[in-house]
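# Fold the following.
(chains A and B)
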Amino acid sequence: MRIKVEKRFYITKWQEVCIILASIVLAFSSGALVFHFLGVDPLEAYKMMIDGSLGDFYGVSETVAKTIPLIMCSLAVALSFTMVVWNIGAEGQFVLGALACTAFVRYLYVDNFVVMLACMGISALLAGGLWGAFAGFLKARWNVNEIITTLMMNYVAILLLQYFVYGSWRDPTSLGFPMTPLFPKSARLHQFFSTRVHSGIFFAVIIALILWIVVRKGVWGYEIRVSGQNPKAADYAGIRSTRNVILVMFLSGAIAGLAGMAEMAGLHRRLQPGFAVGYGYTAIIIAWLARLHPLAIIFVSFLFGALFVGGENLQIAMRLPLSSVQILQGLILFFLLGGEFFRNYRVSFISRKR
Amino acid sequence: MKRSVLIVALLMVAIFCTPLMAFEAIPADKLKVAWLYNGPIGDGGWTYMHDQGRLDVEKAFPGVTTMYVESVPEGPDSVRAMENFIRNGAKLIFATSFGYMDYVQEAAGRHQDTIFMHCSGFKRAHNVGVYFGRMYQSRYLTGLVAGSMTKKNVIGFVAAHPIPEVIRALNAFALGARHANPNVKIKVVWLFSWIDPGKEKEAAKALIDAGADVLGMHANTGAVPQAAEEAGVYVIGYNNDMSKYAPTKHLTAPIWNWGAVYKYTVGKVIDGTWEPEDIWWGLKEGMVDIAPYGKDVPESVKELVESERQRIVSGKWDVFEGPIKDNQGKVRVEKGQKLTDQDLISMNWLVEGVEGELPK
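Numbering: from 1, shown residues only, chains lettered A, B, ... in the order given. Model (predicted):
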């Protein structure tokens, strides 16, 4: 018997659903195995995770709060991936957005909610956007690999953040601890129903809708898809690919920057060195799992938010170490991405009779 | 007449407010205590020692249930971790890092009937106490050992963040080293990180290359002792006995004994006598100490350390008593004067003998 692997040219909806379901089942059953060896009842453990993240109003609200930056960062990278431009730099653009809006609060503060948030939003959009567009320009002009530049610029962004929070932006009342003073009231986004779900959620949903319409239905979306998939054909058709690379990187960076501003004004309200916790990297996985579809991103982000929030409950209630939660998250990703293979390739067993 | 009204009013206030201010006794088998950690328990340092304190509580109070979350970033995520503790029934929460301070205040404001203890901060409330240790006393003692053991008169120090806690540690260490040997110079590398084994090791190597033959550290993992062992230079660990990372080169280490304050607090909560104190214990209370000596430490050095320890424990003298100059030559503490606790928790200058400036 031998195994034959061939590229699929089409896939039915039914097959696609089966592959996703099979990956999820496999992921959770291998996770169950891990729990079993750690000496806890797997069903109990999963119940704890669901209880913690979706079991009550508070859990759901925390999951949603976690989902907001994930949605925006994922939309940011998904936009660039649509054009086959690999923006790995959402993390850095996220930080730049936060830096820009903090700078605004620090140097140009006016005590007016509307003016303040508009200025913070625009500064974050521009800062993140320019940070992304720089890598886009290098790619368009000299064909510099954007994976490298955007990734490297993440480190620069995080070092910039450290430079400011350890330096001139440090709160004088913090006893030398690296953090800026808390944002004043009029520089904060509203939180709803005494939960931590903030109005940044509107940014996330509105951007998702805009991208869905513009990228999936509009002419420009068609252009960037063609430029990505076949730059020569795009050039031949008169699509200005180089300009689009810079524009896409600008918009991608701007969305990530706005995510940074929403996270600052909605949740953190002060800049600390631990601000960047890796949303920009998780976003890459989310965008990929959502097949770059802006609306699917909302749901996948919610799933990841739930995984994160529910995982904490495993530590508290089941006394499992943090690494066991990370193993489970890793397994889920592994199987979901493993499912990709079967989506793209057909595997058949051919028995050879002698 | 008016006065009696006032007295009655005051009495009423006293009667009605007392139950609000005090916390009721909680029997041990009903008490759930939670720990919020900023690192992984396996760091072998800061968080590991807090977790040892948690285990001390379990041992001392068999009925008490404990819980914890590891590696919680010092940001809004910590509020959720604390909320989750409370949802799981915690009545007493220890937050073990400075960066949790304002988040502790936020959670404590919402949960007036839960007791919070915040490590190394300065904001209290009716349900928030703070605790820390006078680690600088142990630092001074280990400085004596380092100063006695150096041959080249150059000591290296791997320092996490340029914040008062670490500066205080470095200064006390330097004061000890120069008390034992006035010719000693201390070179410093700042990591800008609490936990980063890679950076810690690089910093240690750089200091060894710069001529240091004894290393001290304020970092959270065993990377510095490992580097010292490999290079064959002496090392003073931190947090706990790090001799397993440098079996032949480890001299001693300033160590934490968080169990002391954890057992004290849990006992108070069980008795119903807990109050929002500002606990800052030292060698005397057993909250800090030094690890067992390595085999190369001679008796004479051990005697020196012991006599200095007695000076501190007896209360006759403390580490930051004048005259002390900073490393620019300016007198910071006059002879006969002593830094107050307020000066200590906001320290932002380096003592004579420490090379370099604080990052600005």
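
# and the gap between the residue lying closest to A:Met1 once chain neighbours are set aside and chain B?
Leaving aside its sequence neighbours, A:Met1 sits nearest to A:Ser351 (C-beta to C-beta, 6 or more residues apart in numbering or on different chains; 4.8 Å). From N, CA and C alone the C-beta is placed, and that goes for glycine too. A:Ser351 sits 50 Å away from chain B, going by C-beta to the nearest C-beta, to the nearest Å.

# how many neighbours does A:Ser351 have?
Neighbours of A:Ser351 under the rule other C-beta atoms under 10 Å in any protein chain shown: 6.

# What parts of the stretch 51-200 of chain B come near chain A?
Applying C-beta under 8 Å from any C-beta of the partner chain, we find that the stretch 51-200 of chain B lies next to chain A at B:67-71, B:73-77, B:79-81, B:83-85, B:87-88, B:98-99, B:102, B:122, B:161-164, B:167, B:192.

# among those residues, which are in strands?
Counting by DSSP state E, the part of those found in strands is B:Met67, B:Tyr68, B:Val69.

# and which of the residues you listed is nearest to A:Ile327?
The closest of these to A:Ile327 turns out to be B:Val69 (C-beta to C-beta; 16.4 Å).

# That closest one and A:Ser348, how far apart?
To A:Ser348, B:Val69 is 47 Å away according to C-beta to C-beta, to the nearest Å.

# Between these two, which has more neighbouring residues?
Using other C-beta under 10 Å as the criterion, B:Val69 and A:Ser348 rank with B:Val69 on top: 23 against 9.

# The more buried one: what's it in contact with?
B:Val69 sits next to A:Glu312, A:Gln315, A:Ile316, A:Leu322, B:Ala34, B:Trp35, B:Leu36, B:Tyr37, B:Ala81, B:Asn84, B:Phe85 when contact means C-beta atoms under 8 Å, 6 or more residues apart in numbering or on different chains.

# Looking at pLDDT only, which of those scores worst?
Least confident of those in the model: A:Leu322, at 83.

# nearest residue to that one other than its sequence neighbours?
Using C-beta to C-beta, 6+ apart, the closest residue to A:Leu322 is B:Glu70 (4.2 Å).

# Need the pLDDT of the one you found.
pLDDT recorded at B:Glu70 is 91.

# And for it, the neighbour number?
For B:Glu70, the number of neighbouring residues by other C-beta under 10 Å comes to 22.

# Isn't it up against B:Leu36?
No: applying C-beta atoms under 8 Å, one finds B:Glu70 not in contact with B:Leu36, separated by 9.2 Å.

# Now for those two: what residues contact both?
With C-beta under 8 Å, 6+ apart as the test, B:Glu70 and B:Leu36 reach no residue in common.

# how close does the residue nearest to A:Leu322 sit to B:Ser193?
Between B:Glu70 and B:Ser193 the distance is 17 Å, computed by C-beta to C-beta.

# repeat for A:Pro42
36 Å.

# Is there a neighbour count for A:Leu38? I'd like the number.
16.

# so the most centrally placed residue in chain B bridges to which residues?
Nearest to the geometric centre of chain B sits B:Gly133, at 4.8 Å (C-alpha atoms, centre = their mean). Per DSSP bridges, the residues bridged to B:Gly133 are B:Trp281.

# My read is that it contacts B:Asp289, right?
No: look at B:Gly133 against B:Asp289 with C-beta under 8 Å: they stay out of range, at 9.7 Å.

# State the distance from B:Tyr48 to chain A.
Distance of B:Tyr48 to chain A, given as C-beta to the nearest C-beta: 13 Å.

# tally of neighbours for that residue?
Neighbour count for B:Tyr48, taken as other C-beta under 10 Å: 19.

# what helix or strand is B:Val130 on?
Using DSSP states H and E, B:Val130 sits in strand B:128-133.

# For the stretch 101-250 of chain B, which residue gets nearest to chain A?
Ranking the residues of the stretch 101-250 of chain B by distance to chain A (C-beta to the nearest C-beta) places B:Ile163 first, at 4.4 Å.

# Against B:Trp194, how distant is that residue?
For B:Ile163, the distance to B:Trp194 (C-beta to C-beta) stands at 10 Å.

# Repeat that for A:Pro69.
From A:Pro69 across to B:Trp194, the span is 24 Å (C-beta to C-beta).

# So for those two, which sits in the more crowded spot?
Neighbours per residue (other C-beta under 10 Å) separate A:Pro69 from B:Trp194, with A:Pro69 holding more: 27 against 22.

# Check for me that the more buried one belongs to a helix.
Yes: A:Pro69: assigned to a helix according to DSSP: H, G, I helix; E, B strand; the rest coil.

# Name the residue closest to the centre of chain A, please.
By C-alpha atoms, centre = their mean, chain A has its centre lying nearest to A:Ala283, at 2.4 Å.

# If we ignore the residues flanking it in sequence, what's nearest it?
Distances taken as C-beta to C-beta, 6+ apart place A:Cys73 nearest to A:Ala283, at 3.6 Å, with adjacent residues excluded.

# ok, the one you found touching A:Ala90?
Yes: at 4.6 Å, A:Cys73 counts as touching A:Ala90 under the criterion of C-beta under 8 Å.

# anything in contact with each of those two?
A:Ala256, A:Ala259, A:Tyr279, A:Gly280, A:Ala283.

# Now intersect the residues you listed with the helices, please.
A:Ala256, A:Ala259, A:Tyr279, A:Gly280, A:Ala283 (DSSP state H).

# who wins for most neighbours among those?
Neighbour counts for these peak at A:Ala256, which has 37 neighbours (criterion: other C-beta under 10 Å).
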